[in-house]
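> no sequence on this one, just coordinates:
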């Protein structure tokens, strides 16, 4: 018998139906992977399980008993704990305080610090954690903060552990450690719900899967008896013939040449070129200096030494305006704070880099703004009723399309994309890749920074690997293998 | 939905204005006289002229606390120049020039020095005001040429004072710039998200520098008018006005978080506050009570929409 069962859960927000018929069963000692595109209802399901939202209809059963999860604290009392994607940890409190937040051990009404520290130390030891319960949480890495969240669950008897994309910002080794911990908890009888976009991880850690599409469950079963293609087919509801829509390049002369570029403390002696029609992938671990390099190329920061040439002419990109004038565009990694203005409409966001083009004499025309937006929403197939929709209300994939569209509308020669498909669903990912392919076929160039190895291997014509601020290797598409690229990117 | 919300804000201000009119007209027989109302306009025109550029600055996510101190500095500069026999056009240039330079200093501190604007302008506020006191001490400068009086005391036509006309024209100009040009679009974008704006190729620092400078420039213009109207300069001139000017902007519906606001709202708020001051004066209510009423009004109008906004939307907020 499953430990926790959700049957026919429905949930709407205003007019939006987030869940139409959600079913899920979690078994003790098993890791169940929850898979689905963005907007499939995974986050809503997590919020219902953790007591943040109440379902409109349907039933939740815990050990065969129907339960109502009233609020997050109630969920914790029932033994359900959640590790969120972005660590929900108070940086200014100690590790122990974080673990007992909202539920401090008391003695006659006073907080008993001694008991709290003792119990925290016990739980941390159980998790093989190497950090001190008195350490300020702010001094820990993201991976360690995930451990705090798990530990928070273990201060009660955690029977259900929900992990919502926990690996999004973790390095390879940290993922391994997190998985080791997960296996240990699962072996001790805990039911784990694991949510991830990464199929490698799903097959690595989970025993069972449950696939969601458009707010409803469309399939579940044993992972051992299924394949990656089958899961993708369930997720998108259509067969995915070819994962990367890349066509053979038509290479021209170099568009951008970077020589001996350095910025103290961030990257040193970077040299490369990108040709017309080429996608140059830049791979490396977090902290390799890739984003910092992109920011210098786009004029957000300045280089200490070295030179940048565009179309054979040396340029000084001292500001974003100069970079844009040279035909350079940059889609930042963090689309929520750097890429888009979330409370603005799609049309207003698209207008941002194109203010002068839309209003050459200064006078603003809402009509021209809408026209431009309609055109690009159509071209990139942004899923929205109209261009007056606020970007905040779009799914991650559609937000990213808007950010890319605003730059394509500026007609750049060189497009720098920083983690262009991070956290977006399979369908949108494919669309972004197709846009890149079409873009370079117009005689332009793409510099794509990515930590997604299949993406780097599948989309790049050449791959530049960075490690600790330096270029470690440059592979052609033919030479590149996952092993070779990873070896160059890590110290191993 | 946003446009509707702000439209509602302005209709609310208009309603407050009507209530004020009816109240004062029914309590004081002198209120509904063209010349009384013309006199009343002097209660807000000088402050409102500063509120216009300050609204742009606050929409862009910055603030300038030093506006009244800039006025004092500009007034002292004009007073000293006048004492040396400088003629009227040059006095105006000196007043506005002083404002422009002071505003540019604020702009440089924020954009080049990276000092948060609230800290930078609290600093310059004490600096400029202190400068005015240091130069003048307890002296009064009043050797202004006769022709200088026209800016604060002259009438354009009928009961419309030169100050009111200037304010009206400036309000139209600022509304056009903010709501109907690409520069206005950039100002809203910068206030809503300066990082995304910068990443979109908008020259965020340049905009901010220019907005600080313009705020200084119009503080200088307001100093010309106030000094001309009073006919004298004391270092305490326009003391405490910064709060009244900021109150106008916020009452006008400009978001203190940046990114939102209209010039129409600021104009309405300026008239509302000006009439409150004038009307209560007409009813012989002491100044201290007046400031209590203005304070209460400000808290109420700022708190009500903040609470109203949170109430229904918290449930509707989408989280899929």
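That came in fine, so what should we check first? Everything quoted here is computed from the prediction, not taken from an experiment.
> Can you give me the distance of residue B:50 to residue B:65?
Remark: distance between residue B:50 and residue B:65 (Cβ to Cβ, to the nearest Å) = 12 Å. All C-beta atoms are positioned from the backbone trio N, CA, C, and that covers glycine.
> again with residue A:83
45 Å.
> which of these two has more neighbours?
For the pair residue A:83 and residue B:65, the greater number of neighbours falls to residue A:83 (25 against 22), based on other Cβ atoms under 10 Å in any protein chain shown.
> my guess is the more buried one meets residue A:151, correct?
No. Residue A:83 is beyond contact range of residue A:151, at 10.2 Å (criterion: Cβ atoms under 8 Å).
> which non-adjacent residue is nearest the residue of the stretch 51-200 of chain A at minimum distance from chain B?
Closest residue of the stretch 51-200 of chain A to chain B, Cβ to the nearest Cβ: residue A:53 (7.4 Å). Counting by Cβ to Cβ, 6 or more residues apart in numbering or on different chains, residue A:47 is the residue found nearest to residue A:53 once chain neighbours are left out, at 4.6 Å.
> and the one you found, how many neighbours does it have?
19.
> Can you give the contact residues for the helix or strand hosting it?
Assigned by DSSP states H and E, residue A:47 belongs to helix A:42-49. Residues outside helix A:42-49 that contact it (Cβ atoms under 8 Å, 6 or more residues apart in numbering or on different chains): A:6, A:9, A:11, A:18-19, A:22, A:24, A:34, A:36, A:53-55, A:60, A:69, A:75, A:80, A:82, A:160, A:162, A:164, A:193, A:195, A:212, A:215, B:319-320.
> which residues touch the spatially most central residue of chain A?
For chain A, the residue sitting closest to the mean C-alpha position, by Cα atoms, centre = their mean, is residue A:423 at 3.0 Å. Contact analysis of residue A:423 by Cβ under 8 Å, 6+ apart lists A:38, A:165, A:168, A:197, A:396.
> distance of it from residue A:196?
According to Cβ to Cβ, residue A:423 and residue A:196 sit 11 Å apart.
> Quick check: neighbours shared by these two?
The contact lists of residue A:423 and residue A:196 share residue A:165, where a contact means Cβ under 8 Å, 6+ apart.
> neighbouring contacts of stretch A:101-110?
With Cβ under 8 Å, 6+ apart as the test, stretch A:101-110 has contacts from A:73, A:76, A:90, A:93, A:97, A:111-112, A:115-116, A:119, A:152, A:155.
> rerun that using 6 Å as the cut-off
Here stretch A:101-110 makes contact (Cβ atoms under 6 Å, 6 or more residues apart in numbering or on different chains) with A:111-112, A:115-116.
> Likewise for stretch B:123-136?
Identification of contacts with stretch B:123-136 by Cβ under 6 Å, 6+ apart yields B:65-66, B:69-70, B:72-73, B:76, B:106, B:235.
> Where does pLDDT dip in the stretch 101-250 of chain B?
By pLDDT under 70, the stretch 101-250 of chain B has no low-scoring segment.
> Which residue comes closest to residue B:149 once chain neighbours are left out?
Distances taken as Cβ to Cβ, 6+ apart place residue B:228 nearest to residue B:149, at 5.7 Å, with adjacent residues excluded.
> scratch that, residue B:194 is what I was asking about
Using Cβ to Cβ, 6+ apart and skipping residues adjacent in sequence, the residue nearest residue B:194 is residue B:204, 5.4 Å away.
> repeat for residue B:166
Residue B:166 sits nearest to residue B:49 (Cβ to Cβ, 6+ apart), 6.9 Å away.
> For the helix or strand where that neighbour lies, the averaged confidence score.
Residue B:49 belongs to helix B:45-59 when elements are defined using DSSP H and E. Taken as a whole, helix B:45-59 has a mean pLDDT of 97.
> And it, what does it pack against?
Applying 3 or more Cβ pairs under 6 Å, 6 or more residues apart in numbering or on different chains; DSSP states H and E, one finds that helix B:45-59 makes contact with helix B:162-180, helix B:182-192, helix B:204-230, helix B:241-251, helix B:263-282.
> and the angle from that helix to helix B:182-192?
If you take axes from the mean of the first three to the mean of the last three Cα atoms, to 10 degrees, helix B:45-59 sits at 70 degrees to helix B:182-192.
> So which residues of the stretch 201-350 of chain A form strands?
Secondary structure of the stretch 201-350 of chain A (DSSP state E, counting those that start in this stretch): strands located at A:208-213, A:216-222, A:254-263, A:267-275, A:279-283, A:305-310, A:313-315, A:328-331.
> Distance from the chain centre to the fifth one, please.
Its chain's C-alpha centre and that of strand A:279-283 lie 18 Å apart, by Cα atoms, centre = their mean, to the nearest Å.
> Centroid-nearest residue for chain B?
Ranked by distance to the mean C-alpha position of chain B (Cα atoms, centre = their mean), the top residue is residue B:51 at 1.9 Å.
> where's it relative to chain A, distance?
Distance, residue B:51 to chain A, using Cβ to the nearest Cβ, to the nearest Å: 23 Å.
> and the residue lying closest to that residue once chain neighbours are set aside, how far is that from chain A?
Among residues not flanking residue B:51 along the chain, residue B:248 sits closest, at 4.2 Å (Cβ to Cβ, 6+ apart). For residue B:248, the distance to chain A equals 25 Å [Cβ to the nearest Cβ].
> Tell me, how many residues neighbour residue B:248?
Residue B:248 has 29 nearby residues by other Cβ under 10 Å.
> and what of residue B:292?
By the criterion of other Cβ under 10 Å, residue B:292 has 12 neighbours.
> That concludes my questions; thank you for your assistance.
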